[in-house]
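[1] sequence isn't available, so here's the structure alone:
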């Protein structure tokens, strides 16, 4: 691999970064909202699954009220 001096490296980094298609603010906000929505849905699902399995174990073992 060829050695590159720091100045050339910075120029190459800037050149590559200019080629990137950056998301718009709207796209970023929509994606962020979707991530939060999926986190909430996953949390509710796993909470319900945990409660159901806990109830099942208590029922099978005869523990609790």
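    Yep, it's here. Since the model is a prediction, treat every value here as computed from it, not as a measurement.

[2] tell me how far the longest helix seen in the chain lies from the chain's centre.
    Once the chain is assigned using DSSP state H, the helix that runs over the most residues is helix 25-61. Averaging C-alpha positions (C-alpha atoms, centre = their mean, to the nearest Å) puts helix 25-61 14 Å from its chain's average.

[3] any idea of the mean pLDDT for it?
    Here helix 25-61 scores 96 as its mean pLDDT.

[4] phi, psi of residue 23?
    phi -70, psi 150 (degrees, to the nearest 10).

[5] what's the neighbour count on residue 35?
    Here the number of neighbours of residue 35 (other C-beta atoms under 10 Å) works out to 10. Every residue, glycine included, has its C-beta placed from N, CA and C.

[6] check residue 51 too.
    Neighbours around residue 51, by other C-beta under 10 Å: 10.

[7] spatially central residue for this protein, please.
    The residue lying closest to the centre of the chain (C-alpha atoms, centre = their mean) is residue 35, at 6.5 Å.

[8] how much space between that one and residue 42?
    11 Å (C-beta to C-beta, to the nearest Å).

[9] over to residue 51?
    Distance from residue 51 to residue 42, by C-beta to C-beta: 15 Å.

[10] also residue 52?
    Using C-beta to C-beta, residue 52 is found at 16 Å from residue 42.

[11] what do you get for residue 32?
    16 Å.

[12] same check, this time on residue 28
    For residue 28, the distance to residue 42 - C-beta to C-beta - is 21 Å.

[13] same deal with residue 58?
    Counting by C-beta to C-beta - residue 58 and residue 42 are separated by 24 Å.

[14] for residue 52, give its distance to residue 28.
    For residue 52, the distance to residue 28 - C-beta to C-beta - is 36 Å.

[15] next one: residue 35
    Distance from residue 35 to residue 28, by C-beta to C-beta: 11 Å.

[16] check residue 5 too.
    Taking C-beta to C-beta, one finds residue 5 at 35 Å from residue 28.

[17] more neighbours: which of those two?
    Neighbours around residue 5 and residue 28, counted as other C-beta under 10 Å, are more numerous at residue 28. The numbers are 11 against 8.
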